[in-house]
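>>> Give me a 3D structure for the following:
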Amino acid sequence: AASSPPSFSCPPILRGIQSALGPTLLTQILNCRILLVGSGGIGCELLKNLALSGFRNVEIIDLDTIDVSNLNRQFLFRSQHVGMPKCVVGAEAALKMVPPLLFEGGENGEGSSAAKLLYLPHHGNVCDNSKFNVPYIQTFALVLNALDNVAARRRVNRLCLAASVPLVEAGTAGYLGQVTVIDKSSGTECYECQAKPTQKVYPICTIRSTPSQPVHCIVWAKELYKLCFGAKCEDSMLFEDEESLRADVESAADKEKEEEEGDSNKKEGSSEDNNEKSTNNGSDGGSDKIIATAGGEKSTYMDIVNELRSLLGIESAPSNESKSKEESALRSKAQEALTALFVTEIQKQIGMDRYKTADNVPVPISLDDLAKCTDAVETTIIPPTARETYVSTDIWTPSDCISEIASCFVEVAANASPPNPTQPLPEFDKDDDVAMRFVTAASNLRSYVFSIEPLQSLYSAKGIAGNIIPAIATTNAIVAGLQVLQSFHILRAQLNTAAGAAAVKTKVDGDTKEGGGKLKEFCRYTYCLRDKTRKGYLLQPTTLPDPNPNCFVCRNATISLSLNTREWTLDMLLNRVIKKELGFAEPTIMIGEDSIVYEEGEDIDPAEYSANLSKRLVDLPAGGLGHGSAIRVEDFTQDLEVEVSVSHKDRWVIVEDKETNGKKKGESTEKEDDREEIEKFEIGGKKPIAVKAESNANGSTDAKPDSDDSDDDDDIEVIEADDVPKDAKMPAKDSNGSKTPLKKRRLEEEPSASNSKGAKKAKLDDDNKGSDEVEVIELD
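Predicted structure coming up:
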């Protein structure tokens, strides 16, 4: 007969857990397999908590590497670890914290699962279906999330739902935080049951011409950084193409000529108007006026910027020009560029009466300041970041800003490799020193021009430019502690399966027991608050919420989708909506019951359905997609299936709020939406009623959902840290239980790179449920 596993005495550090939770649950803690996704701010705290709580079999997934900016709060990392994978360093550090087991009689514990000690790191993307799929998730007792972006959260949420494995989800935003448990068999709300909070949209005309808030200036400065240092300056919203401006001139001239011909037949035509129009058509000055009317102005800075890029080595210089990168030449050209941007361009806008109704007319930067701060010989102004007394919270004067920008140009040129047609700087990164110095200086100069307050220090500008709320290490620690407590509750529920108190999966050394879940009896949704509740609590637990009946992820609800079916192609629908917006990994798209128009998978030939990708939706096989049609989308890698109800919509508008210093002023106005067609769609609203193919009936509202990481030519989305209220609430549901439609189409200003820092709701104070929609930016 096989001998029983050797017994062990409880380590001193675990005796408190043994007394509080009991020896049976402690044994379960020592034996179970745990998956941790993310090893950043919350992840470091979780690794420490898991190790010191006795968890001995943990696997960690993380794609990120350690950056110097992580060291102030992710305490498992040191300066020598910069550049190394977070999960590898974190696993090594946590492994040293696990208390050793003392087996009786001097045995080594062979044959006992508790003797196994494994903290296994996986440096990879959790969205990689070849490694991290449903069968993989099914090998764990529970999953802990410590992620900082929406895409990865959605992926883990769907994997855990498909595998029927409990997920402990958490997030923080400054002093706010929340922890919840997601379990399909227990009937709890999943991560995607609630719409993400709406984010503000600023038209490009606001960013380019009429800023009123510091965030407008920072976004403008980031675009200027892209214009000056980007691989393609046309990627910047500040880029002005001469050919398109010429086309605007011709178009405006033709239109005005038609109007003149029509007016010539009317006696009401004013002689003064006719004289003015004929003058405009007959002179270059008139052409400039036509351009202004058409919305395209003659560029005052593009030629100078292109010459500056040549000096920096980004663009090839014309053969008759020198490619010298000497400091004097760079400073001289920098002075010209700054004069064009902060003096000439502003004067031109003032001359066009663009600010005749503005509260504050912009004041161009002093030419004397520009001259003395960019002169390579006579300047005595040291850039602020080069001074011995410099701190990142200093507010820079206009002269400081000019000298800082000039020093950035010189530094970039000095670091650029010889004749290299590629950009010497990468895309904007909030952690890049030169990028943040440039953006801070340029944004403050623009704030001085438009009298916008408050001015931003480099530290505060970094928070806005990176779309983040500064992380609070204490909040991360509290939330991680709450996650481990919820893990204890889940393991206790799994142990009580035989007694009938709960019925969920129990996994110990690969053994599995099936049953239904009742985690609502054991677990709570807990909020971490900044201010005390009426009873004086800073932690507020509530019952785990029920699933949203309209959630297409955990309740297979029908999705309503509005778009122009005559303009959209299947390729646009696949990549922009199904993959990017809805998060499908390997979708199969069907019209009707069995008409497959597109399919992905291991055994599928990509060429089989490639012919359909370029077809308009109305021209697809099986009758196409028109108003009132429906498609079914399946993804077997996520065990996900959803029906999409399509409605045709060919007119789109953007609602603009007039704002001054962040406050709404006056009534909102509507303007035609002239973005690219691929950005004109909305998810949500009422299910459309099928009509005849030739009808243009519109069966949806003008609500539009958030879109992730999208470049756009008309709107730009910015997240503001100051907008996060201390009593942030979830989007409310209407009387039918459906989610409140989002108000406007959203376009994200900057890809979330590293991570695109995902916006996530914070549900606080259950006593105050309302319809407010707020933005909360999750850092960790």
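>>> When you work out contacts or count neighbours from here on, use the C-alpha atoms and nothing else.
OK.
>>> State the mean pLDDT of stretch 452-467.
For stretch 452-467, the mean per-residue pLDDT is 87.
>>> Buried residues, that stretch. List them.
For stretch 452-467, the buried set under the neighbour-count rule, 16 or more other CA atoms under 10 Å, comprises 452, 455-458, 460-467.
>>> could you dump those residues to JSON lines with distance to V219 and secondary structure?
Formatted as JSON lines, the buried residues of stretch 452-467 follow (distance: CA to CA, whole Å; DSSP: H, G, I helix; E, B strand; the rest coil):
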{"residue": "I452", "distance to V219": "14", "secondary structure": "coil"}
{"residue": "L455", "distance to V219": "14", "secondary structure": "coil"}
{"residue": "Q456", "distance to V219": "13", "secondary structure": "coil"}
{"residue": "S457", "distance to V219": "15", "secondary structure": "coil"}
{"residue": "L458", "distance to V219": "14", "secondary structure": "helix"}
{"residue": "S460", "distance to V219": "14", "secondary structure": "helix"}
{"residue": "A461", "distance to V219": "10", "secondary structure": "helix"}
{"residue": "K462", "distance to V219": "11", "secondary structure": "helix"}
{"residue": "G463", "distance to V219": "12", "secondary structure": "helix"}
{"residue": "I464", "distance to V219": "9", "secondary structure": "helix"}
{"residue": "A465", "distance to V219": "7", "secondary structure": "helix"}
{"residue": "G466", "distance to V219": "10", "secondary structure": "coil"}
{"residue": "N467", "distance to V219": "11", "secondary structure": "coil"}
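>>> List just the nearest of those residues to A329.
The closest of the buried residues of stretch 452-467 to A329 turns out to be L458 (CA to CA; 27.5 Å).
>>> Which residues are in contact with that closest one?
S392, T393, D394, I395, M436, R437, T440 (CA atoms under 8 Å, 6 or more residues apart in numbering).
>>> Same check on C190?
Per CA under 8 Å, 6+ apart, neighbours of C190: N157, I182, D183, K184, P547, C554.
>>> Just the helices from the stretch 551-700 of the chain, written as ranges.
Secondary structure of the stretch 551-700 of the chain (DSSP state H, counting those that start in this stretch): helices located at 570-572, 610-613.
>>> so which of the ones you listed gets nearest G351?
Among the helices of the stretch 551-700 of the chain, helix 570-572 sits nearest to G351 (CA to CA), with 42.3 Å.
>>> Neighbours of A386, how many?
10 (other CA atoms under 10 Å).
>>> after the lowest-mean-pLDDT helix or strand in the chain comes which helix or strand?
Counting by mean pLDDT, DSSP states H and E, the chain has its least confident helix or strand at helix 284-294, which shows a mean of 35. Per DSSP states H and E, the first helix or strand lying C-terminal to helix 284-294 is helix 302-312.
>>> Follow the chain on from that next one and name the next helix or strand.
Next along from helix 302-312, by DSSP H and E: helix 327-339.
>>> Buried residues in that next one, which are they?
If you call a residue buried by 16+ other CA under 10 Å, then helix 327-339 has these buried ones: E327, A329, L330, R331, S332, K333, A334, Q335, E336, A337, L338, T339.
>>> Reformat those as a markdown table; add distance to R651 and pLDDT.
Below are the buried residues of helix 327-339 laid out as a markdown table (distance: CA to CA, whole Å; pLDDT from 0 to 100):
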| residue | distance to R651 | pLDDT |
| --- | --- | --- |
| E327 | 53 | 68 |
| A329 | 51 | 78 |
| L330 | 48 | 78 |
| R331 | 49 | 81 |
| S332 | 49 | 84 |
| K333 | 45 | 85 |
| A334 | 44 | 86 |
| Q335 | 45 | 87 |
| E336 | 43 | 89 |
| A337 | 40 | 90 |
| L338 | 40 | 91 |
| T339 | 41 | 91 |
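>>> now the residues you listed in a markdown table, with distance to I61?
As requested, the buried residues of helix 327-339 are arranged in a markdown table below (distance: CA to CA, whole Å):
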| residue | distance to I61 |
| --- | --- |
| E327 | 47 |
| A329 | 50 |
| L330 | 46 |
| R331 | 47 |
| S332 | 50 |
| K333 | 48 |
| A334 | 46 |
| Q335 | 49 |
| E336 | 50 |
| A337 | 47 |
| L338 | 46 |
| T339 | 50 |
